[in-house]
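# have a look; sequence and predicted model below, questions after that.
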Amino acid sequence: MSITYLEAIREAQAKALAEDPRVFIYGQDVGDFGGAFKATKGLAQEFPGRVLDAPISEDAIVGAAVGAAIEGMRPIIEMQFADFSTPGFNQVINQAATLFWRTQVPCPITIRLPSGGTSGSGPFHSQSMEALYAHYPGLIVMTPATVEDAYSMLLEAVAIDDPVIFCEHKYLYYHLKADCLPTEAMPAGKARIARPGRDVTVVAYSAMVHEALAAAEELATEGTQVEVVDLRTVKPIDTDTIIASVARTGRVLVVGEAFPWGGVTAEVVARIATEGFGLLDAPPQRLNAKDTPIPYHPNLWAAHRPTARSIVSAIRNLLRL
Amino acid sequence: MSITYLEAIREAQAKALAEDPRVFIYGQDVGDFGGAFKATKGLAQEFPGRVLDAPISEDAIVGAAVGAAIEGMRPIIEMQFADFSTPGFNQVINQAATLFWRTQVPCPITIRLPSGGTSGSGPFHSQSMEALYAHYPGLIVMTPATVEDAYSMLLEAVAIDDPVIFCEHKYLYYHLKADCLPTEAMPAGKARIARPGRDVTVVAYSAMVHEALAAAEELATEGTQVEVVDLRTVKPIDTDTIIASVARTGRVLVVGEAFPWGGVTAEVVARIATEGFGLLDAPPQRLNAKDTPIPYHPNLWAAHRPTARSIVSAIRNLLRL
Amino acid sequence: MNSVVPAPLLAGGEFLRAFRWLVQARVLDEKLAALYRAGKIPGGGVYLGKGQEALSVSVGVSLRQGDVYAPLIRDGAGRLAFGETVVDALRNCLGSQLGPMRGRDGNVHRGRPRDGYLPMISHLGAMIPVVNGMLMAKRFKGQSGMVGATCLGDGGTSTGAFHEGMNQAGVERLPLVMVVADNQYAYSTPTSRQFACRSLVDRAVGYGFTGHVVDGTRLEDCLGVLGEAVGLARAGKGPQLVVASFLRLCGHGEHDDASYIDPSLKQSALGRDCLELAQAHILEKGWASSQELVEWRSEAVMTVEEAVALVQKEPGPDPYAEQWCALQTTRLSEGGAS
Amino acid sequence: MNSVVPAPLLAGGEFLRAFRWLVQARVLDEKLAALYRAGKIPGGGVYLGKGQEALSVSVGVSLRQGDVYAPLIRDGAGRLAFGETVVDALRNCLGSQLGPMRGRDGNVHRGRPRDGYLPMISHLGAMIPVVNGMLMAKRFKGQSGMVGATCLGDGGTSTGAFHEGMNQAGVERLPLVMVVADNQYAYSTPTSRQFACRSLVDRAVGYGFTGHVVDGTRLEDCLGVLGEAVGLARAGKGPQLVVASFLRLCGHGEHDDASYIDPSLKQSALGRDCLELAQAHILEKGWASSQELVEWRSEAVMTVEEAVALVQKEPGPDPYAEQWCALQTTRLSEGGAS
Ligand SMILES: Cc1ncc(C[n+]2csc(CCOP(=O)(O)OP(=O)(O)O)c2C)c(N)n1
Ligand SMILES: Cc1ncc(C[n+]2csc(CCOP(=O)(O)OP(=O)(O)O)c2C)c(N)n1
Ligand SMILES: [Mg+2]
Ligand SMILES: [Mg+2]
């Protein structure tokens, strides 16, 4: 048997629905149709009345989820694409994210954002929005990079009493497969050493973990041992695990697929600089997408985002510093 | 004669309207009433038909500004509070910010965001949103800290052919005065040494520049010379000026009023760490607001954001590292 | 708010019960204005309901336990009628640590979600889908007979949030009562710059709502129409839109002298004070004497004065005791980090 | 698009002119679908207008130079009629460097703003206020007699952006023609989950729009109603809402087999193919012979085939030549930074 990242997301939702009557799913086309990406395939049939098609109203979708959470439900929201969460942005950062702090009433909602670039998707179907959400207090932001994490972190997201922004990467939907679903998992908030190595640390998350692993593979043939840290959650960030890795390697490159100004890579580098300064043998480095909208054409897209190739060359540069 | 930061914003708009027939102002209550903060006082009367009250429709307000810009106008948009720009967020980051890149047609709009905390304003009238906008490609983000900059940068914002997010700080509206309006100015994109000093650099922007200056004043009495860098624009960031200052002092604290995760302070520290690593005698430090919504009660608010006092103590710690 | 005993259910009992909340709300507002002028409001904003009380109180008295209520800026009267205490209201305005928001949020931003009483966020229109979600959840849980009510101004109807929330309630056929307080202005902006329909009730049909209009200056009308709308929603007749017309009889906030208000509107029927009209109605009907009206007002004043005396002694929040944590899941918080 | 010569203005001339664009659009769509199946579309999405051409073309032919047009996903026909060339359309879909978006954006996301032809962003409803702003600017500049038209699906009307844009046009009394293509589905979602009014035209009154309904399967009706609506807007009679009903005769995109579409709708009057009806209408009126219809289609096919042959030889964008700068003001760009 083999299971994809996308199927893992479906299975996690099936399990959540089966085990907790408070869970329901709400989003555009999630019902009988099973969602634009089929992440809810068959669930409306299996759980009648608990998987609801929503109108094209992201603000109202998130607002209703908050209301349902106040009444004790645990809604899972699917945005059709992360990019379309902007019309619901206000409800997320000002309603959902402030509810507990203002009232002590928890807001256990999970918002699934099909995120990130795939070839030919263009400026409005490719965005990585984790930094926008992570900037605001009151939210947890998950960025699973593996089939196992897609499954277990989504289950954990539903179980957590706070709003969780679940950034699932569209590129991984079909590309990534595992043999089976996990029965145990690391908790949210803990980073994972995706590959150990002693020469240089690459911190990455979501699809970039795989670009980093491919880069590590390539450099291994030249004798360079790259340690890859998979952040798993970007809010909170597991600074301890990052610093421990930097302590081992002395060099670090932080890779993200998002726009360059102020995202995850800035936050991670800032923490390393502040908390792990003395451990560094060279300046910490970053690799992000370029500071333009995400291009449609595959040629441009491939050059816009970091890839194994650009990571390899960034690591080579870093080792020379 | 003396002129406040707020009056400078009004005067800049008056001048822009007087000198360029393409300029108009659109926003809630900006017309006869002169705006919630009186930043457009008298302008509707002085420039009939060119200062328009808008419905409470931030999305449509920004969208219309983009349309007008396509037709060659240069709209100035006033958001009643920065916090209320969220319903217009989509139009800013996906419409205004992508127009030039997609079509080569420039989008000269200026969006004024009355920003930042004042005592008792609470979670929804106090936000500093520069990081959200700066993260997205295609926007320029200004954060004037002085009366002179409020005036000249707003004029420059209107003149620039790209969308400018103009973060004017509400706390400075009445608190800050100058003798007269400037006739010359540094260009956008250049940071300013607000106070020279050789022991430690504090990088700040907007209202925090004044907290930093007060901290510098206090430390001066103890013989510590603090150099204060005022970023002026946070997108782009004038990395050169920052690095040059760090080269002089070897120590740096970056202060921002926004939430701690991933904002201006993260970006600045990341750049210093990457580009000025060898110049540092101690780890770069950051000081931000706390990671909760902005509290209403003055007691809590004063503890939530950085102040001269907390900056002094952060500098003392930094000097001991 | 047990200190004002509801009037016994005599003829006009419902009217009198509502009237006394109306008086209580007006008196509380007057006190808040005085405290504001005296600089006693931490941070400073005070937003009053003057002119809107008849409408607002009619919403409050039409609801019952188990219902959901998301009042807005000018709903002091409805809040009291729904069960908020004068003490709670004052605590929130004076920043007491013991208030419902514990000093974290202030003035009109208060509520107790567990009691079905939602604390507004400032973004206009944003509470509508939250009420919808609570009603959807009650339906999931198999509860019925509940109603959700929320209020918005003429200006607030221009938000995308209003539209999405209305449409959602229509599609889900929720027992939502959407109350639009058309008080002729949104801050300084007249309705001519806010919408282009004859009446906002013209929007009801587009959302599959039943529409109602009411003269917001007349308590008897408001009670009747709100009673009917809430009753229809409760009876499963789908969502209801109530549009009330009247004039805001105060500034946007107490910092605002509202000099922009068209004097002819003040002279018009829209500009009448609902409190005065209600008093005249009571006297006309013989439901109470002038003497009783005076006494009721005195009782309301006493209630407020006692509450102020109590609340002013209460401490504000202590920043050193504050946890600076926005998450229930504290282990995942980066709260104090800076 | 000069390769299809508009029919001379004989009886039914306007109809035939529109019809030939309709045929051109259908043929272009068929080619795009074939290219998609052959894996020739970089990145992959193809969105067709099948069923919507009669409506769409009627918008396009009703507009003239100086007007503003913001078409949406299924407006291939309107685009051609407004002046887009088949070559431009193909360039954008095939990712040619020479296309209007130069490979930076693709498929239906194309336009030439300077020509009043706006490139949609994906977020539904977001183009409406942009059209409004262009019309406001024209008014500022003292220009009159211009019209702006834009299109949205039944699903798109649920967005807050739609509401704010409609309301803004109403308040400003702009010459906006809002065309709603109610094709019974938003992706897989039927209208019963999208709105609760009888017809979306019921929303016109709430925005101060004149409302029109039209059978979207009948080209003659669409031409008539769009001509009237555009004429009214142009004559200063305020904003116009046109709601057309018909069925989407294709998947949401070419990846979608649309198996969720209710078979009874396909059998109903809504499910008729506007192209076939138009052909029958032409023959019935005797405006052209079957032979001519065949010829016109062949000409349209030739136009498309020639354009494909041309465009397929054109280079895609070169990432190394790309400036990676999102700003006109290059000195303020941090573009290449990473
Ligand atoms: C989305 C949004 N934009 C702007 C504001 C700022 N604002 C607060 S109250 C107000 C006017 C509200 O007018 P209306 O809805 O008519 O209510 P009223 O004050 O008349 O009761 C405005 C513009 C806001 N709260 N939310
Ligand atoms: C704000 C927003 N949310 C979600 C989407 C994703 N989306 C693209 S097309 C579509 C369905 C549109 O349906 P409709 O408006 O009826 O147009 P049709 O496809 O039927 O022509 C959806 C949900 C989007 N583009 N914008
Ligand atoms: Mg009002
Ligand atoms: Mg549709």
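That came through, no problem. Residues are numbered from 1 along each chain as shown, chains lettered A, B, ... in the order given. Ligands and ions are numbered 1, 2, ... in the order given.
# now do the contacts for the nearest residue to C:Leu90 once chain neighbours are set aside.
Of all residues beyond its chain neighbours, the one nearest C:Leu90 is C:Val311 (4.5 Å), with distances taken as Cβ to Cβ, 6 or more residues apart in numbering or on different chains. The C-beta positions use only the backbone N, C-alpha and C, and glycine is treated the same way. Counting by Cβ atoms under 8 Å, 6 or more residues apart in numbering or on different chains, C:Val311 makes contact with C:Val87, C:Leu90, C:Arg91, C:Leu94, C:Ser96, C:Leu98.
# so how far is C:Thr159 from C:Val311?
C:Val311 is 33 Å from C:Thr159, where distance means Cβ to Cβ, to the nearest Å.
# could you do A:Tyr174 as well?
Look at A:Tyr174 and C:Thr159: by Cβ to Cβ, they are 39 Å apart.
# the two: which is more packed in?
Neighbours per residue, other Cβ atoms under 10 Å in any protein chain shown: of A:Tyr174 and C:Thr159, the larger number sits with C:Thr159, 30 against 13.
# is that one in contact with B:Ile61, as I believe?
No. Between C:Thr159 and B:Ile61 there is no contact under Cβ atoms under 8 Å: 11.3 Å.
# mind telling me what element the residue nearest to C:Leu90 is part of?
Secondary structure assignment for C:Val311, by DSSP states H and E: helix C:290-312.
# how about that helix: buried residues?
Across helix C:290-312, burial judged by 16 or more other Cβ atoms under 10 Å in any protein chain shown covers C:Leu293, C:Trp296, C:Arg297, C:Glu299, C:Ala300, C:Val301, C:Thr303, C:Val304, C:Ala307, C:Val308, C:Val311.
# tell me which residue of the stretch 1-150 of chain C lies closest to ligand 2.
Among the residues of the stretch 1-150 of chain C, C:Pro129 lies nearest to ligand 2; the distance is 15.0 Å by Cβ to the nearest ligand atom.
# residues contacting the residue nearest to that residue when sequence neighbours are not counted?
Spatial nearest neighbour of C:Pro129, excluding adjacent residues (Cβ to Cβ, 6+ apart): A:Gly63 at 2.7 Å. By Cβ under 8 Å, 6+ apart, A:Gly63 lies in contact with A:Gln91, A:Gln95, C:Ala126, C:Met127, C:Ile128, C:Pro129, C:Val130, C:Asn132, C:Gly133, C:Ala161, C:Glu164, C:Gly165.
# find the closest residue to chain D in the stretch 101-250 of chain A.
Using Cβ to the nearest Cβ, the closest approach of the stretch 101-250 of chain A to chain D is made by A:Gly120 at 0.8 Å.
# now do that residue: how many residues are near it, please.
Close neighbours of A:Gly120, defined as other Cβ under 10 Å, add up to 20.
# what about it, distance to D:Ile41?
Using Cβ to Cβ, A:Gly120 is found at 8 Å from D:Ile41.
# for the stretch 101-250 of chain C, what lies in contact range of ligand 1?
Counting by Cβ under 6 Å from any ligand atom, the stretch 101-250 of chain C comes close to ligand 1 at C:122-124, C:153-156, C:159, C:181, C:183, C:185-187, C:248.
# run the chain-centre distance for stretch C:195-206.
22 Å (Cα atoms, centre = their mean, to the nearest Å).
# what are the buried residues along stretch A:21-40?
Neighbour-count burial for stretch A:21-40 [16+ other Cβ under 10 Å]: A:22-37, A:39-40.
# tell me the mean pLDDT over the helix or strand harbouring A:Ala44?
Using DSSP H and E, A:Ala44 maps to helix A:43-46. What helix A:43-46 shows for mean pLDDT is 98.
# just the CA atoms of it, as CSV, please.
Extracted as CSV, the C-alpha positions of helix A:43-46 are listed here (Å, rounded to 0.1, in the frame of the first residue of the first chain):
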residue,chain,number,x,y,z
LEU,A,43,-16.4,12.5,3.2
ALA,A,44,-19.8,14.1,2.5
GLN,A,45,-21.2,10.7,1.6
GLU,A,46,-19.6,9.0,4.6
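# from the chain's centroid, how far away is that helix?
26 Å.
# against which helices or strands is it packed?
Judged by 3 or more Cβ pairs under 8 Å, 6 or more residues apart in numbering or on different chains; DSSP states H and E, helix A:43-46 is in contact with helix A:5-19.
# how long is stretch A:34-51 end to end?
9 Å (Cα to Cα, to the nearest Å).
# does any bit of that stretch sit next to ligand 2?
No. Stretch A:34-51 is not in contact with ligand 2 by Cβ under 6 Å from any ligand atom; minimum separation 7.5 Å.
# correct me if wrong: C:Ser62 contacts C:Val179.
No. Between C:Ser62 and C:Val179 there is no contact, the gap being 10.0 Å when judged by Cβ under 8 Å.
# coming back round to it: for the buried residues of helix C:290-312, give me JSON lines that also has pLDDT.
Formatted as JSON lines, the buried residues of helix C:290-312 follow (pLDDT from 0 to 100):
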{"residue": "C:Leu293", "pLDDT": "98"}
{"residue": "C:Trp296", "pLDDT": "98"}
{"residue": "C:Arg297", "pLDDT": "98"}
{"residue": "C:Glu299", "pLDDT": "98"}
{"residue": "C:Ala300", "pLDDT": "98"}
{"residue": "C:Val301", "pLDDT": "98"}
{"residue": "C:Thr303", "pLDDT": "98"}
{"residue": "C:Val304", "pLDDT": "98"}
{"residue": "C:Ala307", "pLDDT": "98"}
{"residue": "C:Val308", "pLDDT": "98"}
{"residue": "C:Val311", "pLDDT": "97"}
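# tell me the one among those nearest to chain B.
Distance to chain B, by Cβ to the nearest Cβ, is smallest for C:Val311 among these, at 13.5 Å.
# where do the domain boundaries of chain A fall?
Split into domains by automatic domain parsing, chain A comes to A:3-178, A:192-320.
# so how far is the shortest one off the chain centroid?
In terms of Cα atoms, centre = their mean, the gap separating the centre of domain A:192-320 from the centre of its chain is 15 Å.
# in chain C, which ranges drop under the pLDDT threshold?
In the predicted model of chain C, residues C:1-11, C:44, C:335-338 satisfy pLDDT under 70.
# now the helices: where do they sit in the stretch 151-300 of chain A?
Listed in chain order, the helices of the stretch 151-300 of chain A (DSSP state H, counting those that start in this stretch) span A:170-175, A:207-220, A:239-249, A:264-275, A:298-304.
# quick one: average pLDDT of the shortest one?
So that's helix A:170-175. Taken as a whole, helix A:170-175 carries a mean pLDDT of 96.
# show me the contacts for C:Leu277.
Listed by Cβ under 8 Å, 6+ apart, the contact partners of C:Leu277 are C:Ala54, C:Thr217, C:Arg218, C:Leu219.
# mind checking which of these are in helices?
With DSSP state H as the criterion, helices contain C:Ala54, C:Leu219 from among the contacts of C:Leu277.
# helices along the stretch 151-300 of chain C, start to end?
Under DSSP H, counting those that start in this stretch, the stretch 151-300 of chain C gives helices at C:160-172, C:204-207, C:219-234, C:263-267, C:274-285, C:290-312.
# switch those over to JSON lines; also include distance to A:Met208.
Formatted as JSON lines, the helices of the stretch 151-300 of chain C follow (distance: least, Cβ to Cβ, whole Å):
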{"stretch": "helix C:160-172", "distance to A:Met208": "34"}
{"stretch": "helix C:204-207", "distance to A:Met208": "44"}
{"stretch": "helix C:219-234", "distance to A:Met208": "50"}
{"stretch": "helix C:263-267", "distance to A:Met208": "60"}
{"stretch": "helix C:274-285", "distance to A:Met208": "62"}
{"stretch": "helix C:290-312", "distance to A:Met208": "54"}
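# closest approach to ligand 4 from the stretch 51-200 of chain A, which residue is it?
Ligand 4 sits closest to A:Ile56 of the stretch 51-200 of chain A, with a gap of 9.7 Å, by Cβ to the ion.
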